[in-house]
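# would you be able to build a 3D model of this:
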Amino acid sequence: MATIRDVAAEAGLSVGTVSRILNNRGYISPKAREKVESAMRKLKYQPNEIARSLSQSNSSMVGIIIPTLLNPYFPTLLKYLDDELEARGMQPLVFVSDGDDEKEVRFLDKCKKNRVSGIILCSGNFKAVRLVDYGVPVVSIERMGLDGAISVVCDNYNGGKLAAEHLISRGCRRLVMIAGDQDEAMPADGRASGFEEMARIPGAEAKIYHATREMFHAQDYRALVEKVFGENQDMDGLFCSSDIIAATAIQEAARREIAIPSSLKIVGFDDTWYSSSLTPSLTTVRQPIKEMAMIAISSLEAALKAGSFPSSTINLDVSLVVREST
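As a prediction, this is how the structure comes out:
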């Protein structure tokens, strides 16, 4: 593996000059820069971003903390965040917390040690952490409003209303929802509130079941879905707060020989690639994942340029995507 000394030797320059070019410090002649870039290409040299950060106030890296890679939502979000960072000449430093509060705090400390330019939080609530102490802009995505962070969320409440409204318009009256963990407050809690409100019409009834934190981090909802089907054999409309839960429900309906959509209609939430590949394909509330990633990175960039990191909330619309399951 090539080193900075190899690049300097190939370019015919000192190690100090190559270092200044890599870190954009001081005046560098175009000819010298061209020599270094040519040597780097020839030697396939990749600068060590962490090492470079030690000689700068901040690196070109942005820390991203996510809870899991098992749900397609988070890899999809991570892909769009990476696209936005790459377009700006920046790189992600990714941590997967698996729902461990202590790991999440350690990851924040690692971000600080690596002198990241900003932090994206997609995991944890961080209520006990003073984000302003990290000295860089912090953006949270689908987390509760955090002091010292720019919060990017979707309109979860309206998403729940859209799901209930759609099921009712399809003739469903015995409605059930499988919602997320109610022990940890999240913006996604609004999905249940919106669903419950819209379901309050004469002749309709609605029940809500909640998953546990352990189910979320394992992305295994089979036991809960089996319970819902067992206790609600007459339900004709089911809203699931994620496409993963909805996929599990589709499997359970097939196991019980319940026809979708003639006997049971199912709506999910997220609209990742996963939802259109199911059989039947899944009607779902589309969360604007790409747009959320774009706004998260552009907000982080704007805060960096302004040099101030005030708390704020950006709320994006959701929409219903109708497919075979309804």
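
# do a quick rundown of the strands in the protein.
61-66, 91-96, 118-121, 138-141, 150-154, 174-179, 205-210, 237-240, 265-270, 283-286, 312-316, 319-321 (DSSP state E).

# adding mean pLDDT, write the ones you listed out as CSV.
Formatted as CSV, these follow (pLDDT from 0 to 100):
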stretch, mean pLDDT
strand 61-66, 93
strand 91-96, 92
strand 118-121, 92
strand 138-141, 92
strand 150-154, 93
strand 174-179, 97
strand 205-210, 95
strand 237-240, 98
strand 265-270, 98
strand 283-286, 98
strand 312-316, 92
strand 319-321, 98
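
# please identify the most buried of the ones you listed.
strand 237-240 (a mean of 30; mean count of other CB atoms under 10 Å). Using the backbone N, CA and C atoms, a C-beta is placed for each residue, glycine as well.

# can you tell me what sits against that strand?
160, 163-164, 167-168, 170, 172-178, 195, 228, 246, 249, 264-269 (CB atoms under 8 Å, 6 or more residues apart in numbering).

# would you turn the strands of the chain into TSV with distance to Leu131?
Converted to TSV, these look like this (distance: least, CB to CB, whole Å):
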stretch	distance to Leu131
strand 61-66	12
strand 91-96	16
strand 118-121	8
strand 138-141	5
strand 150-154	10
strand 174-179	28
strand 205-210	28
strand 237-240	32
strand 265-270	26
strand 283-286	29
strand 312-316	13
strand 319-321	31
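
# looking at these, which is nearest to Ala32?
Nearest of the strands of the chain to Ala32, taken as CB to CB: strand 91-96 at 24.4 Å.

# got the angle for the closest one vs strand 61-66?
20 degrees (axes from the mean of the first three to the mean of the last three CA atoms, to 10 degrees).

# which residues does strand 91-96 contact?
Against strand 91-96 from outside (CB under 8 Å, 6+ apart): 49, 60-69, 78, 81-82, 85, 103, 107, 110-111, 114, 116.

# give me the sheet partners of it and which way each runs.
Paired neighbours of strand 91-96 in the sheet (DSSP bridges): strand 61-66 (parallel).

# helices of this protein, start to end?
Assigned by DSSP state H, the chain shows helices spanning 4-11, 15-22, 30-43, 49-53, 73-87, 101-113, 156-169, 190-198, 213-218, 222-231, 243-255, 273-277, 289-306.

# pLDDT on the fourth one, on average?
Across helix 49-53, pLDDT averages out at 48.

# and for the second one?
Mean per-residue pLDDT for helix 15-22: 78.

# determine how far it lies from the middle of the whole chain.
Counting by CA atoms, centre = their mean, to the nearest Å, helix 15-22 is centred 37 Å from the centre of its parent chain.

# with stretch 237-244 instead?
For stretch 237-244, the distance to the chain centre is 18 Å (CA atoms, centre = their mean).

# then stretch 140-159?
Taking mean C-alpha positions (CA atoms, centre = their mean), stretch 140-159 and its chain are 11 Å apart.

# may I have it as PDB, with CA atoms only?
Output of stretch 140-159 as PDB, limited to C-alpha atoms (Å, rounded to 0.1, in the frame of the first residue of the first chain):
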ATOM      1  CA  SER A 140     -31.400  14.300  13.400                       C
ATOM      2  CA  ILE A 141     -33.700  12.300  11.100                       C
ATOM      3  CA  GLU A 142     -37.000  11.000  12.400                       C
ATOM      4  CA  ARG A 143     -35.900  11.600  16.000                       C
ATOM      5  CA  MET A 144     -37.700  13.700  18.600                       C
ATOM      6  CA  GLY A 145     -36.700  17.300  18.600                       C
ATOM      7  CA  LEU A 146     -33.300  17.500  20.300                       C
ATOM      8  CA  ASP A 147     -31.800  20.600  21.800                       C
ATOM      9  CA  GLY A 148     -28.900  21.700  19.600                       C
ATOM     10  CA  ALA A 149     -30.000  19.700  16.500                       C
ATOM     11  CA  ILE A 150     -31.800  20.400  13.200                       C
ATOM     12  CA  SER A 151     -34.600  17.900  13.100                       C
ATOM     13  CA  VAL A 152     -35.800  16.500   9.800                       C
ATOM     14  CA  VAL A 153     -39.000  14.600  10.100                       C
ATOM     15  CA  CYS A 154     -41.900  13.500   7.900                       C
ATOM     16  CA  ASP A 155     -45.600  14.200   8.600                       C
ATOM     17  CA  ASN A 156     -46.200  10.900  10.500                       C
ATOM     18  CA  TYR A 157     -49.500  12.100  11.800                       C
ATOM     19  CA  ASN A 158     -50.900  12.700   8.300                       C
ATOM     20  CA  GLY A 159     -49.400   9.400   7.200                       C
END
